[in-house]
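# Turn this into a structure:
(2 chains)
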Amino acid sequence: NAGVTQTPKFQVLKTGQSMTLQCAQDMNHNSMYWYRQDPGMGLRLIYYSASEGTTDKGEVPNGYNVSRLNKREFSLRLESAAPSQTSVYFCASSEVSGWNEQFFGPGTRLTVL
Amino acid sequence: QKEVEQNSGPLSVPEGAIASLNCTYSDRGSQSFFWYRQYSGKSPELIMSIYSNGDKEDGRFTAQLNKASQYVSLLIRDSQPSDSATYLCAVQGKMEYGNKLVFGAGTILRVKS
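So this is what the prediction gives:
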């Protein structure tokens, strides 16, 4: 099992450009999450999907959109990138929403110039 | 007040010593608590989960939970240089975020050989 995979690993964008970060899991988990990690601030939840067909905002959703394509895949889209979105992005999944242990993908390091 | 607080460190311990990492949280209703280890440039890796008051041991790791004091800790016995990493405390969050995990900013641990 690959666990949680993310693409791309690295990306550089110019301000105003758009891109989609891809995430897939092969653990048959119901819930998936997108986090960003900035120095000194820990992991902050952007959006989550408790189950296939549902998505909800987390702590820092502004400037992002998500799509739960199917049970395996959960994508994060930046419509118009801003320098403030420079960060490391992690996708995670868990068997069920809430109290379950979450398992993380390898991350995408995004720089917006 | 931050929802989950950790001392940023670095905490330096000699090889073979016990490392003690601490975490406090603000939501008295929290039910689930997790410790993640994150090596530099890598994704968080779950190492311990604890749900009830008291101690939980797994190999060299012991998680301790005191809900009355809103305090959770991680003890690492016989610390090894390979334990050098950032340790993230995660707590089940508030209802408005669907009980999702809230992460502390992490404590840097350095084990000196």
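
# Let me see the residues that make contact with the worst-scoring helix or strand of chain B on mean pLDDT.
Sorting the helices and strands of chain B by mean pLDDT, DSSP states H and E puts strand B:101-103 at the bottom, at a mean of 88. With contact meaning CB atoms under 8 Å, 6 or more residues apart in numbering or on different chains, strand B:101-103 is reached by A:35, A:42-45, A:102, B:3-4, B:25, B:27, B:32, B:34, B:36, B:88-94. For the C-beta atoms, the positions are set from N, CA and C on the backbone; glycine is no exception.

# Distance from it to the middle of the chain?
11 Å (CA atoms, centre = their mean, to the nearest Å).

# Same question for stretch B:104-113.
With CA atoms, centre = their mean, you get 11 Å for stretch B:104-113.

# C-alpha coordinates for it, PDB please?
What follows is stretch B:104-113, C-alpha atoms only, in PDB (Å, rounded to 0.1, in the frame of the first residue of the first chain):
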ATOM      1  CA  GLY B 104       0.300  22.600  18.500                       C
ATOM      2  CA  ALA B 105       3.300  24.300  16.800                       C
ATOM      3  CA  GLY B 106       5.600  21.500  18.000                       C
ATOM      4  CA  THR B 107       8.600  21.000  20.200                       C
ATOM      5  CA  ILE B 108      12.000  20.500  18.700                       C
ATOM      6  CA  LEU B 109      13.900  17.600  20.400                       C
ATOM      7  CA  ARG B 110      17.600  17.200  20.000                       C
ATOM      8  CA  VAL B 111      19.300  14.100  21.300                       C
ATOM      9  CA  LYS B 112      23.100  14.500  21.600                       C
ATOM     10  CA  SER B 113      25.300  11.500  21.300                       C
END
